[in-house]
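Asks: 3D, please:
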Amino acid sequence: MAVISLGRRSGREINMCEGPMLKNILLFAFPIFITQVLQLLFNAADLMVVGNFCGSNSIAAVGATGSFCALFVNIFGGLGSGVGAVMARATGAGDRGKCQRIVHTAIPLALICGGFVNLLLVLLAEKVLTMMGTPAEVLPLSTLYVRIYAFGMMPNLLYNFCAAILRSRGDSRRPLYYLTTAGVMNVLLNVVLVTVLHMDVAGVALATAFSHLVSAVLVTIQLLRRGDECRLFFRKMRFHLAELKEIIRIGLPAGIQSAMFSISNVIIQSAINSFGAIVMAGSSAASSICNFIYAGVNAFNQTGMTFTGQNFGARKLDRVSRVIRICVLSAMITEMVLSGIAILLGRPLLSIYISDSAEAIHYGLIRLTLLSSLYFIAGAMDVSGSVLRGLGCSLPPMITSVFAHCIFRSLWAMLVFPMFRSSPHAWEMLLISYPISWSLAAFANWMIYRRHIRKLRREMAQETQTVEA
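Replies: Have a look, this model is predicted:
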């Protein structure tokens, strides 16, 4: 199959199909890592400000909303990974027309999905948070936070879809620049709205929603100004059926897979809520720090999927095999380093979030130490699943996620955890369900990958024989 060049790359775009693999992977992954950190700062800034200026109930209120919001965002946000995977394959294959159709299908899809998520969050906030067992003293603040935060969902998804397009072309730096600008504005607004205007959780929610709007506007302007086949024209926006189906085929299972994490986290959060506001505050702070550590995995997730997509589109399966080895090993090493730093500095890091409760810090330190020390397993799990999506195989890792995360963790929370609820180690017994589920999913994804790559090699060998004949 001939590969058509899409023209000279800009200085910001990395050639994924040629050149040194390790160097290019690291150059591509590092800006994504920093971007992930900045995205997490949106929520971390919320927690830090309310934790230091509003008290434990406010930080518990913000923390209690994370898994609920992520449930809906991840379902539709997974379509963004579908956009990135499809665009990467089209880029690798040199298909200019397909690249144009993907861009003009992705943008209206992001706007529609964002509007739908906005509506769901506003309508379901109080009911779902009540079902999760959110304490009465926390519920009004949590509900208010979600309903204001919801208005940032449309720009949030728009940014993620546009950033996926840029990254699929080898440009992971521009999304970082735009998010940096939005992140600085988010922090400044947090301080003003909470410490000066005394808006409590409403202020941090409003600041986050506005920062999402800023990042979305900046990345959209970049697409409008491009001079290649990824340029956006508003008049050309419409759904191209073939590209839409391909995005949904790859992206929807990825979204459902992410939602499985969120569903299981909602169930686990319900169990955490049963410990009371002090444990909720410590857990929320530790979870925020763990998310920063996990940004290392996410960087190599996106890198693995994008490099795989381009090389698969260019029919270079030998490079795909190198991609998964390098990305899995890099993710695991990164997690070990970051986890070690977080554990050593655990207490002072948690004190940044919580200034009024030594007991909350104690419970947060247990979560931080237990989970972060085993995050390298999650690295192997997620990178292998992302590489499969880059190969167009999105359904099997989704099924793995359903069983390993949603079903297993749910059964653990409902059947195993209650047996230890009165034990002094009840908190640890609840948390241990995470690394067990990571191990199950990592093993399953790796076996699926090995089987799928052998199948693709056979198919390509048969195509070569047919052409030669």
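Asks: Need the three-state assignment for Ala136.
Replies: Of the three states, Ala136 takes coil under DSSP: H, G, I helix; E, B strand; the rest coil.
Asks: quick thing: my sequence starts at 6, can you match it?
Replies: Sure, I'll start numbering at 6, so the last one becomes Ala141.
Asks: Give the burial count for it, as a bare number.
Replies: Around Ala141 there are 7 other residues, counting by other C-beta atoms under 10 Å. For the C-beta atoms, the positions are set from N, CA and C on the backbone; glycine is no exception.
Asks: got a pLDDT number for it?
Replies: If you check Ala141, the pLDDT there is 81.
Asks: any idea how far it is from Thr469?
Replies: Distance, Ala141 to Thr469, using C-beta to C-beta, to the nearest Å: 67 Å.
Asks: Which helix or strand contains Gln44?
Replies: helix 26-58 (DSSP states H and E).
Asks: Number of residues surrounding Tyr154?
Replies: Neighbours around Tyr154, by other C-beta under 10 Å: 29.
Asks: roughly how far apart are it and Leu46?
Replies: 15 Å.
Asks: quick check: angle from the helix-or-strand element of the chain with minimal mean pLDDT to helix 26-58?
Replies: For the chain, counting by mean pLDDT, DSSP states H and E, helix 61-69 ranks last in confidence among helices and strands (a mean of 74). Calculated by axes from the mean of the first three to the mean of the last three C-alpha atoms, to 10 degrees, helix 61-69 forms an angle of 150 degrees with helix 26-58.
Asks: Show me which positions of helix 61-69 end up buried.
Replies: 61-69 (16 or more other C-beta atoms under 10 Å).
Asks: Ok, stretch 19-33 next?
Replies: Across stretch 19-33, burial judged by 16+ other C-beta under 10 Å covers 19, 21-22, 26, 29-31, 33.
Asks: Greatest separation within these: which pair is it?
Replies: Cys22 and Leu31 (16.8 Å; C-beta to C-beta).
Asks: where in the stretch 206-355 of the chain is pLDDT low?
Replies: 267 (pLDDT under 70).
Asks: in it, which spans are helices?
Replies: 246-278, 282-318, 322-349, 351-358 (DSSP state H, counting those that start in this stretch).
Asks: I'd like those helices as TSV, with mean neighbour count appended.
Replies: Putting these into TSV (neighbours: other C-beta atoms under 10 Å) gives the following:
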stretch	mean neighbour count
helix 246-278	22
helix 282-318	26
helix 322-349	19
helix 351-358	18
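Asks: So which of the ones you listed is nearest Glu464?
Replies: The nearest among the helices of the stretch 206-355 of the chain, by C-beta to C-beta, is helix 322-349 at 10.0 Å.
Asks: and the angle for that closest one with helix 282-318?
Replies: Going by the same axes, to 10 degrees, helix 322-349 makes 160 degrees with helix 282-318.
Asks: Tell me which other helices or strands helix 322-349 touches.
Replies: Using 3 or more C-beta pairs under 8 Å, 6 or more residues apart in numbering; DSSP states H and E, the elements in contact with helix 322-349 are helix 26-58, helix 282-318, helix 363-377, helix 380-395, helix 438-473.
Asks: One more pass at 6 Å, please.
Replies: Contacts defined by 3 or more C-beta pairs under 6 Å, 6 or more residues apart in numbering; DSSP states H and E place helix 322-349 against helix 26-58, helix 282-318, helix 363-377, helix 380-395.
Asks: quick one, what contacts Ala276?
Replies: Applying C-beta atoms under 6 Å, 6 or more residues apart in numbering to Ala276 gives the contacts 418, 422, 435.
Asks: how near is it to Val421?
Replies: From Ala276 to Val421 the distance is 11 Å (C-beta to C-beta).
Asks: repeat for Glu364
Replies: Taken as C-beta to C-beta, the span from Glu364 to Val421 is 25 Å.
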